[in-house]
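Student: One predicted model, sequence on top.
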Amino acid sequence: MIKYKYMLGIFFACLLLTLCIYPYLPTRMAVHWNENGGANEFMSKQVVVLFIPVIIIILHGLVYVISHNIYKFNEGEHFIISGFIKSITLFMMFVHILILFINLGSIISFQTGLTIGISMFLFMFSKVFKKVKDREKEPIKLQKIRLVSGRIFQVMACSILFSLLLSLKWGFYLLISVISCGSILFMFYILYAYILESYET
């Protein structure tokens, strides 16, 4: 998983790129597209440019406050939470840059870019479940949960890419179906593992 110093560098690089292209952005920027790829909702460029970076800052600030003042994460929890935050941060920055370039006249559709971004996010998040320190000290059941969870997210990441071969409408349906089914499968597996462990103990 990418280190925080590199994450910070990517974040500031995105901000610098945003400042460089800001004068060339239209006053009203598209923020929503229909199933045919046509823009149908617009917002002022000031709001669009600031929204995602501000959300990222608030998200990291909220996690910092919770982890230092409300609930102390153990090493395993901290690793998973930090990995998830890094993945979601990269995904949000990707969406931010994608929206900017589409409004500059890029030929790529938002749904295509978003599909690629979601696949990347799920693949990066699957790696969080594999990299664990002191694996020898970890219970076998927890290792199995990590392995299966990582596989679920990897299958979701690969399956989502098939939507790129379909039309925007059917690609969207496949995207939603994969995310929904994968999320339900992940939650049911965690619940099953928890119930099984409670029953055996």
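Tutor: Arrived safely, thanks for sending. Numbering: from 1, shown residues only.

Student: okay, which residue is most central for this protein?
Tutor: residue 88 (3.7 Å; Cα atoms, centre = their mean).

Student: which parts of the helix or strand where that one lies are buried?
Tutor: In the assignment (DSSP states H and E), residue 88 maps to helix 75-103. Neighbour counts over helix 75-103 (16 or more other Cβ atoms under 10 Å) mark 79-80, 82-87, 89-100, 102-103 as buried. C-betas here are computed from N, CA, C, even on glycine.

Student: Stretch 156-174 too?
Tutor: So, applying 16+ other Cβ under 10 Å, buried residues of stretch 156-174: 156-157, 159-160, 163, 168, 171-172, 174.

Student: Now find how far off-centre the longest helix seen in the chain is within its chain.
Tutor: Determined from DSSP state H, the single longest helix within the chain is helix 168-200. Distance, stretch centre to chain centre, for helix 168-200: 16 Å (Cα atoms, centre = their mean, to the nearest Å).

Student: can you offset everything so residue one is 225?
Tutor: That works, and once the first residue is 225, the last one we named lands at helix 392-424.

Student: which helices and strands does that helix pack with?
Tutor: Helices and strands touching helix 392-424, by 3 or more Cβ pairs under 8 Å, 6 or more residues apart in numbering; DSSP states H and E, are helix 334-352, helix 364-385.

Student: Tell me which residues are up against the first one.
Tutor: Okay, so that is helix 334-352. 225, 254, 257, 261, 303-304, 307-308, 310-312, 314-315, 318-319, 322-323, 326, 373-378, 380-382, 384-385, 387-388, 392, 395-396, 399, 403 (Cβ atoms under 8 Å, 6 or more residues apart in numbering).

Student: same question, the longest one
Tutor: Outside of helix 364-385, the residues that reach it under the criterion Cβ under 8 Å, 6+ apart are 339-340, 342-344, 346-347, 349-354, 356, 359, 398-399, 402-403, 406, 409-410, 413-414, 417, 421.

Student: could you check the angle helix 392-424 makes with it?
Tutor: 170 degrees (axes from the mean of the first three to the mean of the last three Cα atoms, to 10 degrees).

Student: Then the shortest one?
Tutor: Taking the same axes, to 10 degrees, helix 334-352 and helix 392-424 form an angle of 20 degrees between their directions.

Student: Tell me which residues of helix 334-352 come out buried.
Tutor: 334-350, 352.

Student: No further queries at this time; thank you.
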